[in-house]
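S.K.: 3D model of this:
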Amino acid sequence: MAAEDGARSPTRMLAEGHLRIATGGRAPADGGIAVRHIPHHHTAKKEDGGKIEQDNLGDANPLPSQELGKLVNGTKKVPATLDDYRKLVVPVIEEYFSTGDVELSVSELRSLGSDQFHNYFVKKLISMAMDHHDKEKEMASILLSALYADLLDSSRMSEGFMMLLESTEDLSVDIPDAIDVLAVFVARAIVDEILPPVFLTRARALLPESSKGIEVLQVAEKSYLSAPHHAELVERKWGGSTHFTVEEAKKRIQDILREYIESGDTDEAFRCIRELGLPFFHHEVVKRALILGMENLSSQPLILKLLKESTTGCLISSNQVSKGFSRVADSVDDLSLDVPSAKTLFDKLLSTAISEGWLDASFCKSAAPGEDMWNASNEKVKHFKEESGHIIQEYFLSDDVPELIRSLQELSAPEYNAIFLKKLITLAMDRKNREKEMASVLLSSLSLELFSTGDIMKGFIMLLQSAEDTALDIVDAPSELALFLARAVIDEVLLPLNLDDISSKLRPNSSGSQTVQMASSLLAARHSGERILRCWGGGTGWAVEDAKDKISKLLEEYNTGGDLKEACQCIRDLGMPFFNHEVVKKALVMAMEKQNEASILALLQECAAEGLITINQMTNGFARVKEGLDDLTLDIPNAQEKFRGYVELATERGWLLSSFASLP
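M.R.: Here you go, the predicted structure:
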């Protein structure tokens, strides 16, 4: 884009001062907690530690944060170019959407120390959120509010929004409702006072009259900012506004805990914590509960019960528990001024939490830093391998994919997804064809919901690197592993090009490298698809094209007046549950082409309600249609519009995984 290349674009004019934007509110205390920034009468720090009261329409510029960045970064290398910054900032945003951890995101962004690129951060955060669910859109607004006037000054914020307005045409290619979504982001920024209202007028003067950026400004002004009670409308647009300041949230948590200590009603305390709607702030619950337990020894049993049950019941995540303990550990010296035995009491609470299993033993910091990290890592991996082994064995007995996914999520260790994949395939290779087929089906489901392509590639690389050792216990391990690789490509878990990437990470002429070549040969063979699908008895004996033809015929027959239950029975009789995504794909395309789309959607509804087509297969089918929309539009001009309607219906009725919006 011109803005990024330094051309004299509206964004560049903002940076040069031709478009002055007023300073707004500063971020909340406590490192930018993920509670919505409540504006009005903002303050900016002076160098001497005092404060200057600023009205949110004032023109004072916040102090630069380069010096602070130097202090934080020390000698750490910082990105020198926008390309370097872009590569580093995308994982920060992805991690934030995954964890909801505002403090961590603020810390990571601060550590980059590249204030001159923060306008790009605004653009990238919002553009990525636009392609996700309302939850991520709300999270993006919260993060911008938390960063404002701390790391993001008014000029960078305005430049970021101008870059978005300039690129609205490009965003609309991939996000059909980009204009409306971006309009909400602009309106929300004005309501949260991180953009001044005058931004609309000044931005309009810098954009071409026929641009979609102008449409965004018009929608923001007329549909959102001019409506009665517009602030409340905009805040609730994505369903995430809490209307709590940080201090209000802390007070509510304190009240919940004190009431719990008086009543001993755990269920009521859980209900109140849940109603706060602040899962990213649960570390404050842990911190305040621990402090109460140290201040009032008689309350310790109740406090420990609350924390243990909230953790084992997944109300408070293990990450939030660790963070709460960490915050208390950091402040235990100060606590000792009021509670002389604070250190001893904290150590006892820490020991209890670890021994009862609701705090990871790796939290303990008693060992030397390097040795402690090494031992903690080894212990955590060992624990994960043991737990994942139990989960996989249970899956082989129950064939319950959703239950396995829930169990894997409860382990809360996505960084070990590759280890899980290695464990799954290793165990399957040492069992019968039934378990091998189940492992491939599971891998297909995990690739949609939990595992990235990177996780899967890393898992296979680990398997291939240890192929020689595996062959000592499993004689035909290379051929079995080649089939798993080939099946992953057939199931679209991996792309054919991924095999080349995997091979490049292996030693030439090693057993692993030869296994990849074997998988490529299997895929290159004639009629490879149906043979690989049937390699462990999971197929029906039909060629893939035959199966597709049968699916088309049963849908055509149903569409011409067939019976709903009979159509479901025909799908069941196909005996290819792992191929039901093809049913979904063909049904959606047929719905777009035919007039009586209601009956076809009714079939999908029935299949979903009966569990005939799983949510994973349903999501896979929608994803395949999404990938082919450009081609479909050539024959069905309104294909994009129709598909959006189908997605809304499917989301509303629970057919799709929550991760569908993030699928490419």
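S.K.: who's in contact with the strand or helix carrying Leu345?
M.R.: Assigned by DSSP states H and E, Leu345 belongs to helix 342-355. Outside helix 342-355, the residues within contact range by CB atoms under 8 Å, 6 or more residues apart in numbering are 290, 293-294, 297, 300, 304, 307-308, 321, 325, 328-329, 332, 335-336, 339, 359-361, 363-364. Where you see a C-beta, it was placed from the backbone N, CA and C, and this is true even at glycine.
S.K.: for that helix, which positions count as buried?
M.R.: 342, 345-346, 349-350, 353-354 (16 or more other CB atoms under 10 Å).
S.K.: Stretch 440-457 now?
M.R.: Buried residues in stretch 440-457 (16+ other CB under 10 Å): 440-451, 455-457.
S.K.: Touching that stretch from outside, list them.
M.R.: 395, 401, 404-405, 408-409, 414, 417-418, 421, 424, 484, 487-488, 491-495, 498, 501-502, 536, 538, 578, 614, 616, 619-620, 623, 657, 659, 663.
S.K.: Distance from the chain centre to that stretch, please.
M.R.: Chain-centre distance of stretch 440-457: 15 Å, with CA atoms, centre = their mean, to the nearest Å.
S.K.: How about stretch 605-616?
M.R.: Worked out by CA atoms, centre = their mean, stretch 605-616 lies 25 Å from the chain centre.
S.K.: mind checking the end-to-end distance for it?
M.R.: 14 Å (CA to CA, to the nearest Å).
S.K.: what does stretch 110-124 give?
M.R.: End-to-end for stretch 110-124, by CA to CA: 16 Å.
S.K.: contacting residues around Glu492?
M.R.: Contacts of Glu492 by CB under 8 Å, 6+ apart are 444, 620.
S.K.: which regions of the stretch 201-350 of the chain sit below the pLDDT cut-off?
M.R.: 227-229, 232, 239-247, 280 (pLDDT under 70).
S.K.: residue ranges of the helices in it, please?
M.R.: Remark: helices assigned in the stretch 201-350 of the chain by DSSP state H, counting those that start in this stretch are 212-219, 230-235, 246-263, 266-276, 282-295, 300-312, 318-338, 342-355.
S.K.: Once you drop chain neighbours, what's closest to the residue most central in space within the chain?
M.R.: Centroid-nearest residue in the chain, with CA atoms, centre = their mean: Ser98, separated by 3.5 Å. Distances taken as CB to CB, 6 or more residues apart in numbering place Pro414 nearest to Ser98, at 7.5 Å, with adjacent residues excluded.
S.K.: now do Glu159
M.R.: Asn119 (3.7 Å).
S.K.: my guess is that neighbour contacts Gly160, does it?
M.R.: Yes: if you go by CB atoms under 8 Å, Asn119 and Gly160 touch, sitting 4.3 Å apart.
S.K.: Now Ile175: closest residue in space that isn't a chain neighbour?
M.R.: Met130 (5.3 Å).
S.K.: my read: the one you found touches Leu171, true?
M.R.: Yes: using CB under 8 Å, Met130 makes contact with Leu171 at a distance of 6.7 Å.
S.K.: Next, show the common contact partners of those two.
M.R.: Common neighbours of Met130 and Leu171 (CB under 8 Å, 6+ apart) are 178, 182.
S.K.: sorry, back to before: go through the buried residues of stretch 440-457 and name the one nearest Thr312.
M.R.: Nearest to Thr312 out of these is Leu450 (CB to CB; 21.2 Å).
S.K.: and the closest one, backbone torsions?
M.R.: Phi and psi for Leu450, reported as degrees, to the nearest 10, are phi -120, psi -40.
S.K.: And it, how far from Ser355?
M.R.: Using CB to CB, to the nearest Å, one gets 30 Å for the distance from Leu450 to Ser355.
S.K.: now the strands: where do they sit in this protein?
M.R.: Using DSSP state E, the strands assigned to the chain run over residues 42-45, 51-54.
S.K.: what's the neighbour count on Gln640?
M.R.: 16 (other CB atoms under 10 Å).
S.K.: Pull the contacting residues for it.
M.R.: Counted by CB under 8 Å, 6+ apart, Gln640 has contacts 176, 629, 633.
S.K.: cool, and Val332?
M.R.: So Val332 contacts 342-343, 346 (CB under 8 Å, 6+ apart).
S.K.: measure it to Gly562 for me?
M.R.: 70 Å.
S.K.: ditto for Asp430
M.R.: Distance from Asp430 to Gly562, by CB to CB: 45 Å.
S.K.: Could you point out which residue ranges in the stretch 51-200 of the chain have low pLDDT?
M.R.: Where the stretch 51-200 of the chain drops to pLDDT under 70, the residues are 51-80, 149-150.
S.K.: same check, this time on the stretch 501-650 of the chain
M.R.: Using pLDDT under 70, the stretch 501-650 of the chain drops low at 526-528, 530, 537-546, 575, 578, 595.
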